[in-house]
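# Fold the following for me, if possible:
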Amino acid sequence: TVCVEELLYRHALAMGREAAVDEMVGKLNTSRALYQRAKLLLEQLAEEPQVGHADRAVLSKYAAGFAWRLQEIAMKEDAR
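Down below sits the predicted model:
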């Protein structure tokens, strides 16, 4: 069976993929919102006591990637 944490992790990654597509087609507001939600979800999952050290590192890596994309979007918006 799949645990709740796994479902939330998969959902966060799906939001990240959707955000990337929206970013590519110029929907920056939608992309930013999705990246923010995905990042927050991963950060919260990393705080769960049952999450192991290795999993925590993976969650942090993805959250950092989403944070980087958020910075890139902000730069794109500033350039407009």
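# Helices of the protein, start to end?
Ranges of helices in the chain, per DSSP state H, are 4-24, 28-46, 53-79.
# Single out the most deeply packed of those.
When the helices of the chain are scored by mean count of other CB atoms under 10 Å, the highest mean neighbour count falls to helix 28-46 (a mean of 19). Just so you know, the C-beta spots here come from the backbone N, C-alpha and C atoms, and that holds for glycine as well.
# related to what we said a few turns ago, as a markdown table, the helices of the chain with mean pLDDT would be great.
Output for these, formatted as a markdown table (pLDDT from 0 to 100):
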| stretch | mean pLDDT |
| --- | --- |
| helix 4-24 | 96 |
| helix 28-46 | 97 |
| helix 53-79 | 96 |
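# can you tell me how far T1 sits from L13?
Using CB to CB, to the nearest Å, T1 is found at 19 Å from L13.
# can you check K76 too?
Noted for K76: a distance of 23 Å to L13, by CB to CB.
# Just give the number of residues close to K27.
15 (other CB atoms under 10 Å).
# for it, phi and psi?
Phi and psi for K27, reported as degrees, to the nearest 10, are phi -90, psi 70.
# Tell me who's in contact with T1.
Counting by CB atoms under 8 Å, 6 or more residues apart in numbering, T1 touches no other residue.
# how close does it sit to H11?
Counting by CB to CB, the gap from T1 to H11 is 17 Å.
# does V51 really touch E5, like I thought?
Yes. Checked against CB atoms under 8 Å, the pair V51 and E5 is within contact range at 6.7 Å.
# Now do the shared contacts for these two.
Residues touching both V51 and E5 by CB under 8 Å, 6+ apart: L45.
# My read is that F66 contacts A38, right?
Yes. Judged on CB under 8 Å, F66 makes contact with A38 at a distance of 5.4 Å.
# shared neighbours, the two?
16, 19.
# wait, A46 sits on Y62?
No. Counting by CB under 8 Å, A46 stays clear of Y62, with 9.6 Å between them.
# so who does Y9 touch?
42, 45, 59.
# from these, which single one is nearest L28?
L28 lies nearest to L42 out of the contacts of Y9, by CB to CB, at 20.8 Å.
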